[in-house]
Structures are given as structure tokens and as C-alpha cells.
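> The sequence and its predicted three-dimensional model are supplied below.
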Amino acid sequence: SNNQSAGAMENFPVVVRCEDVFVAVPIKILTRESAVFKSIYDQYEQQGNQHPAQSATKTVESPTEEVTENCHIKTVSKEGKGPVLADVVSDDNPGAKMYNLEPQVDIITITGFKKESVKIIFGYLTDYTGMMEKCSNFSILADMLSLCNSYEIQNPVAKILLRMNESSLNMENLIEATEAAQKLSTIRQFQDVASELFQRCVAFARSNLASWQVVNSFVLNNRSKAGFV
């Protein structure tokens, strides 16, 4: 029946992968939190209720070209070899555990984003909030916002913006923050955020790069990022 199919879908294991990071996410959470993944799995159901894990490797057909390029679903059969994937959201998180994935599992491989962003975002959706609370890296925070935009995930956005506002600027991360502002300026949803962050960077630079000696030291320390200095 349709209700039985829906129940099976909710409990089906899905693992989100980015490089060497693997995050186990219940499909009911993935499809609830991401409009893009909901659309993808709805399409599979409409195609004769054939789940991705019952078919061959698939390239995701999604609403945006970027996601089509950066997202790939592959079915993996465990073949009775025991637990094959760990929930490695956080190595020091006591809630991390091995998943006995039977008999098949969807591996969703995401590229084009930092593995730390994927780890934090999809961990956050499954209630691993500690990494988000600790994140103050402007590059990763901006990348997480970009990830949320691409996959139409709204839940973590307010928390990411709060972390960005709470994170302090210093001489070591000024260039990183400026790059983050530039990245966010290309995303319509976050152009105001980008403008505010850029203004923070400008104000910090004016206050702290007040002498030629300080400017010279700053340039030397950031010479590998000369395009932003």
C-alpha cells in the first residue's frame, strides 16, 4: 500500500558523503529539511515507487544546474559484510555510532562544498549541534550558507547567521572574512548579509591598519592572498 511504501521510505538509510566525511541521515529528516532532496525522492516515488536503492547509479536531476553538477546518488549493497559506514558526525561526540545498514543504502555524494560544511550542516539536522556552536570560521560559515541555498535547507540558516555575527574579526581572519563576504554577495538571499560583513571588515581595517608598519606586516602575513590585500 502507499502508506506502507511511505513508511519504508521514512526508515530507509541515507548517507551523505563529502570526501572522507560520512553522515547518516534518516530519509524522513533529509526530505523534510531539504526541498531539493524532497523533490528528488518524490520523483523516484512517482516513477513507479522505485527507490534509488533499487536501481542503478543515478545522477540527480534537480532544480538547479549547480546541484546537478555537485550531487550524485549511488546505491551500495552491503552483501552481509556487517556494518560498513559509521556515523562520523563528530569523533568525540558520544552519540556517534556505527550503523548496521541493511540491505542497501543510498550514498549521496556532494561536491563543490567544504567537507566541514557538509559535516556540520547534516549533523545539525540530526541534532548534532555542538560543531555548529563552536564554528567561528568565516569561510566555513559562508560555505554552509551556500550549501543551504543550493539544497534549499532553511533550518540551520538563522543559527549560521548568529554564529557569523558573534564571531570576532582579527588580523588573522580579516582576509578570510572578506572572501566570505564576496562569496555571499553572489547569492541573492544573502546579499544583505554579505554587505554587513564587508562593512565590518572595512571598519576593522580602518581601525587596526592605522600605520604603514602595521599595513606592511599585514601584507607580508597575507602575501599568499595578494588579490585581497
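Perfect, thanks for sending it.

> how about the closest residue to Q189 other than its chain neighbours, what does it touch?
Closest residue in space to Q189, ignoring its immediate chain neighbours: N149 at 5.7 Å, by CB to CB, 6 or more residues apart in numbering. All C-beta spots, glycine's among them, are computed from the backbone N, C-alpha and C. By CB atoms under 8 Å, 6 or more residues apart in numbering, the contact set of N149 is I187, Q189, F190.

> out of these, which are inside helices?
Among the contacts of N149, no member falls in helices (criterion: DSSP state H).

> out of those residues, who's nearest I27?
Closest approach to I27 among the contacts of N149 (CB to CB): Q189, at 25.9 Å.

> any idea how far the closest residue to C135 other than its chain neighbours lies from M131?
Of all residues not flanking C135 in the chain, R163 sits nearest, at 5.7 Å (CB to CB, 6+ apart). From R163 across to M131, the span is 11 Å (CB to CB, to the nearest Å).

> between these two, who's got more neighbours?
Set side by side, R163 and M131 show more neighbours around R163, with 21 against 17, by other CB atoms under 10 Å.

> and the more buried one, that's in a strand?
No - applying DSSP: H, G, I helix; E, B strand; the rest coil, one finds R163 to be helix, outside a strand.

> so Q199 sits in a helix?
Yes - counting by three-state DSSP, Q199 is found in a helix.

> what's around it, how many residues?
11.

> Would you mind measuring from it to T178?
Counting by CB to CB, the gap from Q199 to T178 is 11 Å.

> Need the residues touching each of those two.
Common contacts of Q199 and T178, defined by CB under 8 Å, 6+ apart, are absent altogether.

> any weak-confidence spans in this structure?
For the chain, applying pLDDT under 70 flags the ranges 1-13, 44-104, 210-229.

> which stretches of it form helices?
All helices of the chain, identified by DSSP H, fall at 2-11, 27-33, 35-46, 65-70, 115-125, 130-134, 138-151, 157-166, 174-184, 191-208, 212-221.

> okay if I get these as JSON lines plus distance to V21?
Formatted as JSON lines, the helices of the chain follow (distance: least, CB to CB, whole Å):
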{"stretch": "helix 2-11", "distance to V21": "23"}
{"stretch": "helix 27-33", "distance to V21": "16"}
{"stretch": "helix 35-46", "distance to V21": "17"}
{"stretch": "helix 65-70", "distance to V21": "15"}
{"stretch": "helix 115-125", "distance to V21": "4"}
{"stretch": "helix 130-134", "distance to V21": "11"}
{"stretch": "helix 138-151", "distance to V21": "13"}
{"stretch": "helix 157-166", "distance to V21": "18"}
{"stretch": "helix 174-184", "distance to V21": "21"}
{"stretch": "helix 191-208", "distance to V21": "25"}
{"stretch": "helix 212-221", "distance to V21": "30"}
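
> out of these, nearest to R17?
Minimum separation from R17 across those (CB to CB) falls at helix 115-125, 8.0 Å.

> What sits closest to C201 if chain neighbours are left out?
T178 (4.8 Å).

> ok so, going back, which of the contacts of N149 are buried?
Taking 16 or more other CB atoms under 10 Å as the criterion, what is buried in these is I187, F190.

> In JSON lines: the contacts of N149, plus distance to T31.
Shown next, in JSON lines, are the contacts of N149 (distance: CB to CB, whole Å):
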{"residue": "I187", "distance to T31": "23"}
{"residue": "Q189", "distance to T31": "21"}
{"residue": "F190", "distance to T31": "24"}
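
> now, which of the contacts of N149 sits nearest M171?
Using CB to CB, F190 is the member of the contacts of N149 that lies nearest M171, at 25.1 Å.
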